[in-house]
Each structure stands twice: as structure tokens, then as C-alpha cells.
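Visitor: What would the 3D arrangement of this be:
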Amino acid sequence: MQPGPLNLITDVAGLRVGNASDATLRSGTTVLTADRPFTASVAVHGGAPGTRETDLLAPDKSAPGVDALVLSGGSAFGLAAAQGVMDALHAQGRGFEVFSARVPIVPAAIIFDLLNGGEKLWPVNPYPELGARALAAADTTFAIGTRGAGAGAQTAQHKGGLGSASLVLADGTTVGALVAVNPMGSVTTPSGRHFHAAPFEVNAEFGGLGPDPHPTLALLPSRKVSAMAQQGNTTIAIVATDAALDKAQCNRLAVAAHDGIARAILPAHSPMDGDLVFAAATGDRPLVEPGPQLAMIGHAASLCLSRAIARAVWEAEPDPYDTLPAIRRELGLV
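Guide: The predicted model follows:
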């Protein structure tokens, strides 16, 4: 398996991603969409999730597809970003058709970034506008790091961010991941110089620092966990494929992808994290052997998600007002 040409989730043909952020707010929103509805499901393994319209993604629920998925900062306020996306899609004539009505289906999840030093005393909730801007910016290429839903993200030891990665399987199936990294846990070993996801790195995509040479010391961060991480945190992600999966298979894909969080962040899935993975399938490639193929797609999704998590932190940009260091600044590389 090798990354697709962009090493982004948009290597899955038909998908587009847009970001919008506000430097004063120190927060933002990321939207994944496509030209037509796509199949989606979700798996929530964290103890403190914040979500919108995730119930309808269960395999037994009737909604056949979604028009967009939203990852946002802002805690519960950020769920309003989905309303901005929904309104913009409705204006485009998009949505689930119910006789003469159309209702865009836009599930969303949020991270807690209210304690990162940004201006939070807004007179009007800014997230609907951020959602609409992110949708308008959706394209096959997009920036990662301090962008979109990752603009105000933090981890236990370093500045967090937005990450993405992809893989193309031997049979031609493409898998990708998109993630906003804001966990209670750490993505690096105690030294701060080696990523937990190092064994899965491809082409030095997050610095080529390699595994920690002292793995017995790599279990938990040696530094005190940041106050922000103790108060509220979350890693929220989307994994996607061009395979033709139904909602039940998407649910299994989302479950498998959570392994990517557990491999890249220690600890993960805590009572204070809202760890969540959406899974999306565009349906362009029929499955010939559903069982074995779905197993490999899930494995690839977990690898992509681990790599995307490390890339998010590696690409985070330093700022004078940071409450935690950007890892490349700390290593003297910027």
C-alpha cells in the first residue's frame, strides 16, 4: 500500500474538503462533501462526545446517505457550523427529497477548544458562518495543520491540528482519513521527539523522526498534561473509501479505524475525550469478496488515521500566543 497522489482524504475520488478558521477566535470548521450523497456511519468510543444527527447514521435508520460531514471547534457552540452548511446546501438545491421538500443531511462532531486563549465572548455565534465558508472553500486540495477544525486544537504536550492521509490498496481501492487532533493524551513519547505513530509513517510525512529508541519509556507523557486537555478534549475523524459499502459496513469501518487513534495517542478513548470516527463510502468500486476486502479497508483506514494524527501535529504552525509549543518549533526546525 502506498499513499495516493495527494496523501489526503480527497484521493478518494469525488470527495472535497474545505476549511474556515478565525485567528482571533482561535477556532474553525472543516467540511467534507461530494457532488452527490454518500453512504456514512459513525462509531463513538470516547466518553464525552458532542454530535449532531449521528443517530440517523446507525445501520437500522432510514436515511440513505449524507450530503456533508462537519468537524468543528467550539464545543457545543460549534455544532451550529452544520446549520451553516445545511443552509448553503439547501440554497444549492441539495438534500434528501421528501415529496416537494429537500432536507440536506449534515452530521457533525466537535472538539473542545474554548480554553486556548482565543476570543470567545462573541455577540453572535460565529460557527454557522464558518461552516458556510468551509463548504464554499471545499476542493480536492486543502491545507492541514493549524487550519479548519484544528485551528485551535491542542494535545497533552504540543499544539494539535488538522491532519489527513491516504493509502491505495493492492486491488486499487483508495482509503483516506481526515482528523482534528485535540486529545487529552499525547501523540509523542515522553521525550517529545518521537511520534507513537512512527511505525506507520510513509515517506517521512511527519518528519522521519523514527520510533523512540527507548520504548519502555514511551507509555505516558512525562510532562504535566495541559490544563486545557484536562478540562475537555477530543479527537474527531472521518475515514473514507471509494468502495461500495452499505451503512452496516461503514459502521464496521469506523470501528476498525478507531485502532488508529489508539495507536497514535496515549491514552485514548478516555472518559474526558469525545473520540469519534465517521466512515464514508462513495460506492464507486463494488466489493468482490466483501469479508476480506472490508477487513483490509478497515486496516488501511486505521493506518491512515494514525498517520493523519501525527501529520496534524507535525504541520501545526507556531504562533506567539500559543499556550503549548508547536512541535517543529520545539525541535528547532522552524
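Visitor: Report how many residues lie close to residue 268.
Guide: By other Cβ atoms under 10 Å, 22 other residues sit near residue 268. Bear in mind the C-beta positions are built from the backbone N, C-alpha and C, glycine included.
Visitor: need the contact list for it.
Guide: 183, 185, 235, 261, 262, 275 (Cβ atoms under 8 Å, 6 or more residues apart in numbering).
Visitor: in this structure, what spans have low per-residue confidence?
Guide: Scanning the chain for pLDDT under 70 picks out 215-232.
Visitor: Now do the strands in it.
Guide: For the chain, the strands defined by DSSP state E cover 15-22, 27-44, 51-52, 66-72, 96-98, 101-103, 108-110, 161-168, 174-182, 234-243, 276-285.
Visitor: any idea how far the nearest residue to residue 128 once chain neighbours are set aside is from residue 292?
Guide: The spatially closest residue to residue 128, leaving aside those adjacent along the chain, is residue 84, at 3.5 Å (Cβ to Cβ, 6 or more residues apart in numbering). Residue 84 sits at a distance of 41 Å from residue 292 (criterion: Cβ to Cβ, to the nearest Å).
Visitor: Comparing these two, which shows the higher neighbour count?
Guide: Neighbours per residue (other Cβ under 10 Å) separate residue 84 from residue 292, with residue 84 holding more: 27 against 11.
Visitor: Centre of the chain to stretch 116-133, how far?
Guide: Here stretch 116-133 is found 20 Å from its chain centre; the criterion is Cα atoms, centre = their mean, to the nearest Å.
Visitor: same question but for stretch 154-164, I mixed them up
Guide: 11 Å.
Visitor: Now do residue 193 against residue 331, distance only.
Guide: Relative to residue 331, and taking Cβ to Cβ, residue 193 is found at 7 Å.
Visitor: Then residue 49?
Guide: Counting by Cβ to Cβ, the gap from residue 49 to residue 331 is 33 Å.
Visitor: and the two? which has more neighbours close in?
Guide: A direct count of neighbours by other Cβ under 10 Å for residue 49 and residue 331 places residue 49 higher, at 17 against 14.
Visitor: Contact partners for the nearest residue to the more buried one once chain neighbours are set aside?
Guide: In space, and not counting its chain neighbours, residue 49 is closest to residue 274: 3.8 Å by Cβ to Cβ, 6+ apart. By Cβ under 8 Å, 6+ apart, the residues touching residue 274 are 44, 46-50, 109-112, 233-234, 236.
Visitor: Which of those are buried? Put it as a ChimeraX command.
Guide: Here is the ChimeraX command that selects the buried residues among those (16 or more other Cβ atoms under 10 Å):
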select :44,46,48,49,50,109,110,111,112,233,234,236
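Visitor: Closest one of the contacts of residue 274 to residue 96?
Guide: Comparing those against residue 96 with Cβ to Cβ places residue 109 closest, at 19.9 Å.
Visitor: beta partners for that closest one?
Guide: residue 51, residue 71 (DSSP bridges).
Visitor: show me what contacts it?
Guide: 49-52, 54, 70-72, 234, 236, 274, 276, 278.
Visitor: circling back to that earlier point, list just the one of the strands of the chain that sits closest to residue 327.
Guide: Across the strands of the chain, closest to residue 327 is strand 161-168 (Cβ to Cβ), at 9.8 Å.
Visitor: Now do that closest one: which elements does it pack against?
Guide: Strand 161-168 sits against strand 174-182, helix 290-314, with contacts defined as 3 or more Cβ pairs under 8 Å, 6 or more residues apart in numbering; DSSP states H and E.
Visitor: now the ones you listed in JSON lines, with distance to residue 199?
Guide: Below are the helices and strands packed on strand 161-168 laid out as JSON lines (distance: least, Cβ to Cβ, whole Å):
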{"stretch": "strand 174-182", "distance to residue 199": "16"}
{"stretch": "helix 290-314", "distance to residue 199": "9"}
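Visitor: Tell me which of these is the most buried.
Guide: Highest mean neighbour count among those (mean count of other Cβ atoms under 10 Å): strand 174-182, with a mean of 31.
Visitor: Each with direction, which strands does it pair with?
Guide: Counting by DSSP bridges, strand 174-182 is paired with strand 161-168 (antiparallel), strand 234-243 (antiparallel).
Visitor: Good, we can wrap up now.
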